[in-house]
Structures are given as C-alpha cells and as structure tokens.
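> Just a sequence and a predicted model for now, questions to come.
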Amino acid sequence: MTTLSLASAIGARSAGSRWKAASAAVLLISPVLAAGARQQAQPPSPKPDSPEVTAMIEQARQAAGPKWAYAVHFWCEEPRPNRPDDPVIVPTKIFDNVYAIGNSGTTAYVIRTSAGLLMIDALSADQVDSQLLPAFEKLGLDPAELRIVLVAHGHADHFGGSAYLQEHFGTKVFVSAADWSLMERPPTVRGSGGPSVRIPRHDGDITDGQAIVLGDLSVAPVAVPGHTPGSMGFIFPVRDRGTAHVAALFGGAWLTPQILSDEALKTFLTSVQRFETATMQAKVDGLLQNHMLMDPIQPKLDMLAARREGSPNPFVVGQADYQRFLGVMEACTRVNIKRRQS
C-alpha cells in the first residue's frame with residue numbers, strides 16, 4: 001500500500017498546474033448538489049411489494065438478527081433523507097482518539113493524532129457556526145490544530161464546512177478525484193434554485209488503496225462508487241480505554257434509493273461487496289457512519305454518557321456484527337433492484 005502524507009500532498013499541489021488552477025479561488029457549487037446533499041425529498045408511496053420482494057426482506061431480517069432489525073426496516077422498508085431539522089447531538093468523545101459532532105442525520109468525526117487533528121467530513125456550510133465550531137469548543141479541541149479534512153463524497157452536507165476551515169485554519173481538504181470533478185463541475189438541472197455553496201480549494205486527492213497518514217494515524221481509503229462516482233470508505237485504528245480496535249466508515253451509503261439510477265444502484269451493490277472484503281481482511285469491529293439514520297447515534301451517545309467501568313462501547317460491534325451490518329446494506333440494495341424489475 002502506498003502512502004500519501006500531508007507534506008507530500010502539499011508538495012504535489014505546488015508541482016502541477018492542475019493544482020494551481022483549482023486553488024486560484026474558492027469556487028461556488030450549484031444548488032443542484034446542495035439540494036442533492038440532503039438526499040432529495042421522498043417520492044410518492046411506491047406500489048405494494050411483490051411476494052418475491054417481501055420474501056427477500058424477511059430473509060434479510062433473519063440474516064441480520066435482532067441487533068440490525070431497525071437497519072433492515074430503514075433500508076428495505078422506510079428509508080428517509082437526512083434533514084436540516086435533524087436534532088443536534090451532544091459532541092462526544094466516542095473512542096480515546098475519536099470525537100463525534102453534528103446531528104442525528106449527519107455526523108462528522110474528529111480523530112486526534114500525534115501531529116494534529118484529522119476530520120472525516122465537515123458538515124454543511126450553514127452548520128459551521130451552529131454545530132461544528134461549538135462542538136470543537138465543548139470538546140476542548142482547537143480547530144487551529146485541524147490539519148486534514150477527508151470528504152467521504154462530494155455532496156454539500158459533507159464538504160460544506162471545509163472551505164471555512166481552509167480559509168481560517170489552513171486545513172488541507174482531500175476528496176476523491178471523481179468527486180472533485182462532481183463538485184467543481186456539477187450537473188445542470190433545469191429549475192434548480194437556492195443559494196450556491198462554496199467549495200474548497202483542491203488540496204489533494206483521496207485514492208483507493210493509498211493510505212493517508214497524519215502523525216501516528218494511517219487511514220486506508222476504499223473506493224465505494226455508486227451514491228456518487230467518487231464515494232469513499234475509510235478504515236482506521238481506534239482505541240477504547242487503551243484497547244485497540246479497527247473502525248470503518250462506509251462514506252457513500254444511500255438513504256433514499258430513488259436518487260440513484262439503475263446503473264448506479266448496481267455499482268453501489270458491487271461497492272458494498274468490495275467493502276465487505278476489505279473490512280473483513282482488516283478485522284473491522286468498530287462501526288461509524290456519516291449518516292447514522294439506519295443505526296441511530298443518539299442512543300449510543302446516551303450509553304456512553306452512562307457507561308461504567310467494564311461496560312462495552314456501543315460503537316464496538318464486533319467483527320461478525322460489522323459484517324452483518326454491511327450485509328443489510330447489500331440485501332436491501334438487492335431488494336431495491338428487484339423492486340425496479342417487478
């Protein structure tokens with residue numbers, strides 16, 4: 001596995017004209033992606049499921065077990081988009097080196113390293129003052145120590161706050177090449193309206209299999225296209241009361257399948273299978289998601305707040321249950337593909 005460090009990324013940026021052109025100014029992204037960032041409104045109620053689809057859902061429920069029963073219900077039966085009014089979560093230290101901030105629909109994670117802070121996603125631009133910066137203050141984290149933001153995919157509820165962090169704290173922003181293109185040259189949709197969203201300067205690319213290293217932290221990116229062309233998953237080490245674990249975040253999960261074309265939904269299915277293999281090999285036992293609607297985050301935070309010595313960490317689910325979680329995503333994607341064929 002090759003390695004991309006912060007220093008090498010800065011050097012690469014100054015070396016190519018592509019970087020200079022992209023970093024000349026903070027650009028604006030059309031309201032198309034800003035609207036798409038919140039997964040779009042739910043369509044009218046679909047037609048009743050066929051007996052075959054109903055049987056597939058029941059099979060998914062049996063395979064998932066009681067722990068992931070709600071995830072099956074969410075993904076297979078009643079998905080919903082994240083919303084601007086999703087309740088704000090209490091900023092919480094969830095591992096020795098990881099903090100959760102944001103809201104119940106969209107969560108960002110800050111990871112402490114020996115060389116500063118790294119964050120996965122940056123919330124929406126309109127949540128910087130209301131959620132992001134207050135969370136840093138409450139957690140005792142200094143945003144001036146934020147060295148890198150990794151954007152899981154190129155929708156504005158994930159990269160929106162990154163331009164502010166770049167401008168005020170010199171944070172470097174990394175996105176996959178495909179989703180830099182999505183952000184910088186968004187599709188045009190007639191009738192789209194609303195304010196534009198600033199996108200960050202192009203600091204560096206996230207590349208499948210090329211580790212991102214900051215101090216003592218190494219994050220392994222895994223390409224998971226489907227939701228967007230350049231969606232990424234991340235695998236990285238965490239510690240819980242001194243015990244080592246491996247966490248993963250599938251950064252491009254759909255919340256409402258209607259926003260994906262037939263081809264994109266099939267690509268997504270392949271991506272889930274690929275992530276299953278990667279996380280199994282890495283022995284992932286810790287579950288994080290940037291949209292935790294299918295596995296609600298607030299009850300987990302409540303458990304951490306009341307946690308006693310020797311009690312389990314709710315974000316440590318075990319290797320087998322992590323694979324079952326991904327299995328739910330795979331099974332419900334198959335359900336939605338079958339619905340379109342019915």
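Ah, there it is.

> CA atoms for contacts and neighbours, from now on please.
OK.

> Tell me which helix or strand Gln273 sits in.
helix 262-281 (DSSP states H and E).

> Report the buried residues of that helix.
Within helix 262-281, the residues that count as buried by 16 or more other C-alpha atoms under 10 Å are 264-272, 275-276, 278-279.

> Repeat that for stretch 236-253.
236-238, 240, 245-253.

> What are the neighbouring residues in contact with the residue nearest to His291 when sequence neighbours are not counted?
Closest residue to His291 apart from its sequence neighbours, by C-alpha to C-alpha, 6 or more residues apart in numbering: Thr106 at 4.8 Å. Residues counted as contacts of Thr106 (C-alpha atoms under 8 Å, 6 or more residues apart in numbering) are 82, 123, 157, 290-292.

> And these, which is closest to Ala177?
Using C-alpha to C-alpha, Asp157 comes nearest to Ala177 of the contacts of Thr106, at 18.2 Å.

> That closest one touches Ser124, doesn't it?
Yes. With contact defined as C-alpha atoms under 8 Å, Asp157 and Ser124 form a contacting pair (4.3 Å).

> The two: which has the busier surroundings?
Asp157 (28 against 24; other C-alpha atoms under 10 Å).

> and the helix or strand hosting the more buried one, how far out from the chain's middle?
Using DSSP H and E, the element containing Asp157 is helix 156-159. Chain-centre distance of helix 156-159: 10 Å, with C-alpha atoms, centre = their mean, to the nearest Å.

> got any ranges where this protein has weak pLDDT?
1-46, 188-195 (pLDDT under 70).

> how about a cut-off of 90?
In the predicted model, the chain carries pLDDT under 90 at residues 1-47, 184-197, 342.

> ok, longest helix in it?
helix 319-341 (DSSP state H).

> same for that one, what does it pack against?
Applying 3 or more C-alpha pairs under 8 Å, 6 or more residues apart in numbering; DSSP states H and E, one finds that helix 319-341 contacts helix 51-64, helix 69-72, helix 262-281, strand 286-288.

> Compare those and report which one is nearest to Ser342.
Judging the helices and strands packed on helix 319-341 by C-alpha to C-alpha, what sits closest to Ser342 is helix 51-64, at 8.7 Å.

> Redo the helices and strands packed on helix 319-341 as JSON lines? Include distance to Gly318.
Conversion of the helices and strands packed on helix 319-341 to JSON lines gives the following (distance: least, C-alpha to C-alpha, whole Å):
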{"stretch": "helix 51-64", "distance to Gly318": "14"}
{"stretch": "helix 69-72", "distance to Gly318": "17"}
{"stretch": "helix 262-281", "distance to Gly318": "11"}
{"stretch": "strand 286-288", "distance to Gly318": "7"}
